[in-house]
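Engineer: let's see this in three dimensions:
(2 chains)
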Amino acid sequence: MLQLDRVTITQDDFHLSADWTLPTGAQAAIIGPSGAGKSTLLSVIAGFLPPTGGRVLWQGQDLGPIPPGDRPLSILFQDQNLFPHLSLSQNLGLGLRPDLRLSRAEAKRVEEALARVGLAGMGARKPAQLSGGQMGRAALARALLRARPLLLLDEPFAALGPALKAEMLALVSEVTREAGTTVLMVTHDPQDALRFAGLTILVADGRAEAPAPTAALFANPPPALRAYLG
Amino acid sequence: MARRALAITGALVAASVAALALLPLGAVLIRAGDWPALGPGDWAALRFTLTQALISAALSCLLAIPVARALARRRFPGRGALIALMGAPFLLPVIVAVLGLVAIFGRAGLVNDALALLGLPRVQVYGPQGVILAHVFLNLPLAVRMLLMGWLSIPAERFRLAASLGFGPPQMLRHLEAPMLRAVLPGAFVLIFVLCLTSFAVALTLGGGPRATTVELAIFQALRLDFDLGRAGLLAGLQFLLCVAAAAAAWRVARPTAFGAGLGRLLPLPAPGGWRRGGDGLAIFLAALFLILPLSAVLARGLPGLADLPATVWPALGRSLSIALASTALTTGAALVLALAVARGTKGARLMDAAALLPLATSGLVLGVGLFVLLRPITPPGPVALPVTIAVNTALSLPFAYRLLLPQAQALHADYDRLSRALGLSGLPWLRLVALPRLARPLGFGAGLSAAFAMGDLGVIALFASDREATLPLVIERLMGSYRMDQAMAAALVLVSSSLALFWAFDAGGRRYAAT
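Structural biologist: Prediction:
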């Protein structure tokens, strides 16, 4: 269970508060106008930004003192998910051992993860030789290798076309359900929320609302959501 | 943990650099004599330092305008090679350039032979005009490259618009080229002025006497010939004030040297025909001649001498190489630590940034005299000549290496810091897998520059070294001083080829290791 315990974030005249829990294994979309603080919320959960007040807990454990790399989570950014100078295998290997001194068994797991996302045999390539969709797949494969119980998606597929994005979301959905991973996904697109996530967190007017069932939320949108949907 | 380690190392490095720059200065100022200690010769040195720097900078900039314009708008075979050659004088040991100029403009040189044939009076390469000639030779290529960048940074669309409005060359000059020159020339002028202010090797070899002594040379003479510490200290204080003022001026007019995309332009600049075509050709021809002739003269006269080089050359080469390698290692390490710490914005980043640039406010001889004063109670100068030279070269190269590295380190931080942290990638694995591969290019280039500078340095070593500690540039200077010109030129060939080889090895190594 992910718990945001009276979390507040204040930066100059920006303000955001959140006080809710998300059950283990849930898949939630974070939706709201740009600038409302969706990515900031993920940054706080991931540990890049300390909250101004309150605590972030996972299964009852306060994540506050834990550095980003040691938290029980993986995060995919909008871009820069792969080091351009490392091969795909090396980029994935970082998920197992940050010093890249992989054992033979670990190297085999890298191969398997590549195959799992449809990139079998491409381990020697550099990111520049991949399409945008393939880069997303590689980043997802690394998250699979890290096998952390929580996955944060900060619009990693926003630059893809609609068909490719739907395909990637289906893949995310498939692999995370297999592993029972809890997923938080920032998105601009109401369709993503409806298609992918059972729950939706609305971020608007300085508040991240508690997760609510997506279908019901969109069927009867509160004023802030209605304003966003237009 | 690793972040703390970087912050602490950065602070230690910054403190050492600040100590290396400031302690000698303090020592010099404390030992400096009273004001009357400066004689009329010293004021003449100050006047000459300023006037020669002004004239050298003005001439370099003025002559660079037609050459850069011609290079910008003409295409001819060998253009790329000529532009590459314009980068060489920056790496060329000053003593080698001086030898080349003496070979062409000296008493038995080509120019005087030609003048004699025409029945004209001879020119003299020693004296104020020689100092200025050498400064123009060393800095004209720098000015040309800066202006060339300026020309290529004018957007092609602007020229297209001008062509569609029917602009002729005078209107182009007025509306497109003059505004660019107004933006670029002050920076080039101040940079060259500053470089000429601290000129020592040129003044030592071509200048001297009451009419052509710079403050740096006067410091050297006060200490080495008169052993007047008080006067040397006062002069060093004067030189320090000059450098600070010049560095402040440079800071104000300094502009980013990258003018955005432009070098890869597809549309060529308009290239007017007629007399302008001839003029451009002449500018390019004369500039190429001015650069190539002295260097070829060194080559032509040095090659035969390679067979009977004096025995002092080889141990001196060894000493120069060790100085170059040691100061390159120190400079590169310090620049890397400071750039990474500043880019990360650790505590005290501003102070670290200031410390890295602090050596710009001093000069080789100021540091040298200060270290001499500091070390004199402990040891005679000879045995510490090499360590002191290494320290001074490290300090003087650091600002350049650091400035090359900082933008890349900042980009590295902006692009990959979150990803590195998300993956728990830190400490040595981060350095090995992320920082070094991403920074290899500027690291290699900076290391190459530091190595070439240190290899060709003829400054503080002249203050400290006896024959037993002489470096290769010093050996060449002494050969030249005793009129053994052919041997001096042969040794100069050894020096210039090892400098260029060091630069090439570091630069190519960096590019090879660089992440693609």
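
Engineer: the most centrally placed residue in chain B: what's it in contact with?
Structural biologist: Nearest to the geometric centre of chain B sits residue B:90, at 5.5 Å (C-alpha atoms, centre = their mean). Applying C-beta atoms under 8 Å, 6 or more residues apart in numbering or on different chains to residue B:90 gives the contacts B:141, B:142, B:449. All C-beta spots, glycine's among them, are computed from the backbone N, C-alpha and C.

Engineer: same check on residue B:189?
Structural biologist: Residue B:189 makes contact with B:57, B:58, B:61 under the criterion C-beta under 8 Å, 6+ apart.

Engineer: surely the first one touches residue B:187?
Structural biologist: Read that as residue B:57. No: Residue B:57 is beyond contact range of residue B:187, at 11.3 Å (criterion: C-beta atoms under 8 Å).

Engineer: residue B:350: neighbour count?
Structural biologist: 10 (other C-beta atoms under 10 Å in any protein chain shown).

Engineer: and for residue B:195?
Structural biologist: Neighbours around residue B:195, by other C-beta under 10 Å: 20.

Engineer: ok, it to chain A distance?
Structural biologist: Per C-beta to the nearest C-beta, to the nearest Å, residue B:195 is found 36 Å from chain A.

Engineer: can I assume that residue sits in a strand?
Structural biologist: No: under the criterion used here (DSSP: H, G, I helix; E, B strand; the rest coil), residue B:195 is helix, not part of a strand.

Engineer: tell me the pLDDT of it.
Structural biologist: Looking at residue B:195, its pLDDT is 87.

Engineer: name the nearest residue to residue B:209, sequence neighbours excluded.
Structural biologist: residue B:127 (7.5 Å; C-beta to C-beta, 6 or more residues apart in numbering or on different chains).

Engineer: and the one you found, how far from residue B:204?
Structural biologist: According to C-beta to C-beta, to the nearest Å, residue B:127 stands 13 Å off from residue B:204.

Engineer: okay, those two: which has more neighbours?
Structural biologist: Between residue B:127 and residue B:204, counted using other C-beta under 10 Å, the more crowded position is residue B:204 (23 against 15).

Engineer: the more buried one against residue B:218, yeah?
Structural biologist: No: Residue B:204 sits out of contact with residue B:218 when judged by C-beta under 8 Å, with a separation of 11.0 Å.

Engineer: more crowded one of residue B:57 and residue B:187?
Structural biologist: Set residue B:57 next to residue B:187 and count neighbours by other C-beta under 10 Å: residue B:57 wins out with 24 against 18.

Engineer: the more buried one: which element?
Structural biologist: For residue B:57, the host element (DSSP states H and E) is helix B:40-73.

Engineer: near chain A, which residues of the stretch 301-450 of chain B show up?
Structural biologist: Within the stretch 301-450 of chain B, the positions lying close to chain A (C-beta under 8 Å from any C-beta of the partner chain) are B:415-416, B:418-419, B:421-426, B:428-430, B:432-434, B:437-438.

Engineer: keep only those of those that are in helices.
Structural biologist: The helices, defined by DSSP state H, take in B:415, B:416, B:418, B:419, B:421, B:422, B:428, B:429, B:430, B:437, B:438 from those.

Engineer: which among those residues count as buried?
Structural biologist: With burial judged by 16 or more other C-beta atoms under 10 Å in any protein chain shown, the buried subset of those is B:416, B:418, B:419, B:421, B:422, B:429, B:430, B:437, B:438.

Engineer: okay, the closest residue to the last one other than its chain neighbours and residue B:10: tell me how far apart.
Structural biologist: In space, and not counting its chain neighbours, residue B:438 is closest to residue B:412: 5.1 Å by C-beta to C-beta, 6+ apart. Relative to residue B:10, residue B:412 is positioned 15 Å away (C-beta to C-beta).
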